[in-house]
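Q: Need coordinates for the below:
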Amino acid sequence: GEEQWKAELPKNRNRYYSWPVLAGDKLYCVREDGVAFVGQVSDTGFKQLAENDMGERILATPVLVDGGLLLRGEDHLFRIAAAGAAEK
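A: Predicted coordinates:
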């Protein structure tokens, strides 16, 4: 197919080993140093919404589960969900 849009995340000496994950119009990307990026994807392009330092190395691809996002860090398993989301 044809390229729809192109974007760059902040440059850093650390790499992106995990796959990016798209959920609805949100794109999640995690760098090996544990910095997670959230962006909004639309027909007109990409807009970075957030940059979060998880505080530890992350090499695994984020996983979408029960309306939340799981991130497996070097020492912890993080679950990120909207405020008020049901915990299981």
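Q: got a list of what the residue nearest to the spatial centre of the chain touches?
A: Central residue of the chain (CA atoms, centre = their mean): residue 28, 2.3 Å from the mean position. If you count contacts by CB atoms under 8 Å, 6 or more residues apart in numbering, residue 28 has them with 20-22, 36-38, 62, 69. Where C-beta positions appear, they are placed from N, C-alpha and C, glycine not excepted.
Q: need those in a markdown table with distance to residue 55, pLDDT and secondary structure, can you?
A: Formatted as a markdown table, the contacts of residue 28 follow (distance: CB to CB, whole Å; pLDDT from 0 to 100; DSSP: H, G, I helix; E, B strand; the rest coil):
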| residue | distance to residue 55 | pLDDT | secondary structure |
| --- | --- | --- | --- |
| 20 | 21 | 94 | coil |
| 21 | 20 | 95 | strand |
| 22 | 25 | 94 | strand |
| 36 | 11 | 96 | strand |
| 37 | 15 | 96 | strand |
| 38 | 17 | 95 | strand |
| 62 | 16 | 96 | coil |
| 69 | 16 | 94 | strand |
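Q: Can you get me a residue count around residue 34?
A: Residue 34 has 19 neighbours, counted by other CB atoms under 10 Å.
Q: Ignoring the adjacent residues along the chain, who's closest to it?
A: Of all residues not flanking residue 34 in the chain, residue 54 sits nearest, at 4.1 Å (CB to CB, 6 or more residues apart in numbering).
Q: give the contact list for the one you found.
A: Here residue 54 is in contact with 30, 34-36, 71, 73, 78 (criterion: CB under 8 Å, 6+ apart).
Q: Most neighbours among those residues, please name it.
A: residue 30 (26 neighbours).
Q: mind listing the strands for the protein?
A: 21-23, 26-30, 35-42, 45-53, 63-65, 68-72, 77-81 (DSSP state E).
Q: Mind listing what's buried along the third one?
A: Of the residues in strand 35-42, those with enough neighbours to count as buried (16 or more other CB atoms under 10 Å) are 35-39, 41.
Q: before we move on, what about the first one?
A: Neighbour counts using 16+ other CB under 10 Å place no residue of strand 21-23 among the buried ones.
Q: Tell me who's in contact with residue 45.
A: Each residue near residue 45 by CB under 8 Å, 6+ apart is listed here: 5, 7.
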